[in-house]
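S.K.: Quick one, what's the 3D model for this:
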Amino acid sequence: MTDAREVTCLPLGRRTLWSFVGLGAAGVSLAAVRTAYWGPDVWLGVGLLLAWVGSASLRAVTWG
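M.R.: A predicted model of the protein is given here:
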């Protein structure tokens, strides 16, 4: 009863991880396309917000 066991916690589904990657990629793509064609506007902020939410969610899922 004195030995310590190591516990590894991994996300249950890979689909969740890939959905957060997709959300981040969609945000970056939206921001890049809108800025390239029409210059900076409100959609740039929306795209960057989506990219940030996707990367923050991915980090939260993988790092706990």
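S.K.: What's the per-residue pLDDT of residue 37 here?
M.R.: Looking at residue 37, its pLDDT reads 88.
S.K.: quick check, distance from the helix or strand harbouring it to the centre of its chain.
M.R.: For residue 37, the host element (DSSP states H and E) is helix 14-38. Centroid separation for helix 14-38 versus its chain: 9 Å, with C-alpha atoms, centre = their mean, to the nearest Å.
S.K.: angle of the following helix or strand past that helix against helix 14-38?
M.R.: Sequence-wise, the next helix or strand downstream of helix 14-38 (DSSP H and E) is helix 42-63. Taking axes from the mean of the first three to the mean of the last three C-alpha atoms, to 10 degrees, one finds helix 42-63 and helix 14-38 inclined to each other by 160 degrees.
S.K.: what's the model's confidence in helix 42-63, averaged?
M.R.: 79.
S.K.: related to what we said a few turns ago, what is the helix holding residue 37 packed up against?
M.R.: If you count contacts as 3 or more C-beta pairs under 8 Å, 6 or more residues apart in numbering; DSSP states H and E, helix 14-38 packs onto helix 42-63. In this view, the C-beta of every residue, glycine as well, is placed from N, C-alpha and C.
S.K.: For the helix it packs on, give me every contacting residue.
M.R.: 11, 16-17, 20-32, 34-35 (C-beta atoms under 8 Å, 6 or more residues apart in numbering).
S.K.: Can you give me the buried ones in that helix?
M.R.: 44, 47, 50, 51, 54, 55, 57, 58 (16 or more other C-beta atoms under 10 Å).
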